[in-house]
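S.K.: Sequence isn't available, so here's the structure alone:
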C-alpha cells in the first residue's frame, strides 16, 4: 500500500460552530502510548522522557517545549503523548531507559483527542460526565478515566476553562455529537 494515507477521525464530522464563548477543536495527530511499569521504572522513564510520570493519582505532567505529556491512569499505568513525528523517539526512550519488565502499547491510531474550552465548559461537560468539574475539585493538571455518556474517555484539565477529551476513534462521532448538543445553549447569542 504505497498510497495509504492517515485519515483524521474528524473527517466526515460536521464542523462545530465556534463563538467567543465555547469551542470544540480536534487535536492534531499525536503519538500515544500506554506504558505500564513499576514506580522505579516510571521514575527513570520520567527523567528521560521529558515529562514526569506522576505517582500522584489523577495528575498529568506536560512539557510544552518537548510537546510531551504523561497522564496518570492507574497505579502502574500512564498515557504518554507526543507530537505525531515523535513516535519512534518515544519508543526508543522507553527501550533505552526501562530495563525491568514493562508494557508499552502504541495507541496512536486507536485514540484521538478534542480540546473543549469556554466560559461554561464545566456545565457542557457535566451534561455527560458525572464528576465535580469545578476548578476547586478538578484543578488544572488533573486527569482521569471516566465516562462521557456511554463512551470511555480520558479527561484532562489543561487550563481554567480548557479540557482535553481523549477517546477511541470509534467513539468520536458519539462524543462529538454529545458535546455539540450539550454546548448548543452556550453557543447561541
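M.R.: Looks like it came in fine. These numbers were taken from a predicted model, which means no experiment stands behind them.
S.K.: Just give me the residue right at the centre of the chain.
M.R.: In the chain, the residue lying closest to the centroid (C-alpha atoms, centre = their mean) is residue 166, at 4.0 Å.
S.K.: so what's that residue up against?
M.R.: By C-beta atoms under 8 Å, 6 or more residues apart in numbering, residue 166 lies in contact with 32, 79, 111, 112, 113, 153, 154, 155, 156. Quick note: C-beta positions are derived from backbone N, CA and C, even for glycine.
S.K.: Measure how buried the fourth one is and give me the count.
M.R.: Looking back up the chat, that one is residue 112. Residue neighbour count, defined by other C-beta atoms under 10 Å, stands at 25 for residue 112.
S.K.: Does it lie in a helix or a strand, and which?
M.R.: Here residue 112, judged by DSSP states H and E, is contained in strand 111-118.
S.K.: and that strand, what does it pack onto?
M.R.: The contact analysis (3 or more C-beta pairs under 8 Å, 6 or more residues apart in numbering; DSSP states H and E) places strand 111-118 against strand 22-26, helix 121-126, strand 162-168, helix 172-187.
S.K.: Tell me how far stretch 32-41 lies from the chain's centre.
M.R.: Offset of stretch 32-41 from its chain centre (C-alpha atoms, centre = their mean, to the nearest Å): 16 Å.
S.K.: Same check on stretch 92-108?
M.R.: Using C-alpha atoms, centre = their mean, the distance from the centre of stretch 92-108 to the centre of the chain it belongs to is 19 Å.
S.K.: Now for the closest residue to residue 27 other than its chain neighbours: which residues touch it?
M.R.: Sequence neighbours aside, residue 113 is the residue nearest to residue 27 in space, at 3.7 Å (criterion: C-beta to C-beta, 6 or more residues apart in numbering). Listed by C-beta under 8 Å, 6+ apart, the contact partners of residue 113 are 26, 27, 30, 164, 165, 166, 167.
S.K.: Can you tell me which of the residues you listed has the most neighbours?
M.R.: Within the contacts of residue 113, most neighbours by other C-beta under 10 Å means residue 165, with 26 neighbours.
S.K.: roughly how far apart are that residue and residue 96?
M.R.: Residue 165 sits 32 Å away from residue 96, going by C-beta to C-beta, to the nearest Å.
S.K.: next one: residue 172
M.R.: Taking C-beta to C-beta, one finds residue 172 at 33 Å from residue 96.
S.K.: So for the two, which residue has more residues nearby?
M.R.: Set residue 172 next to residue 96 and count neighbours by other C-beta under 10 Å: residue 172 wins out with 21 against 10.
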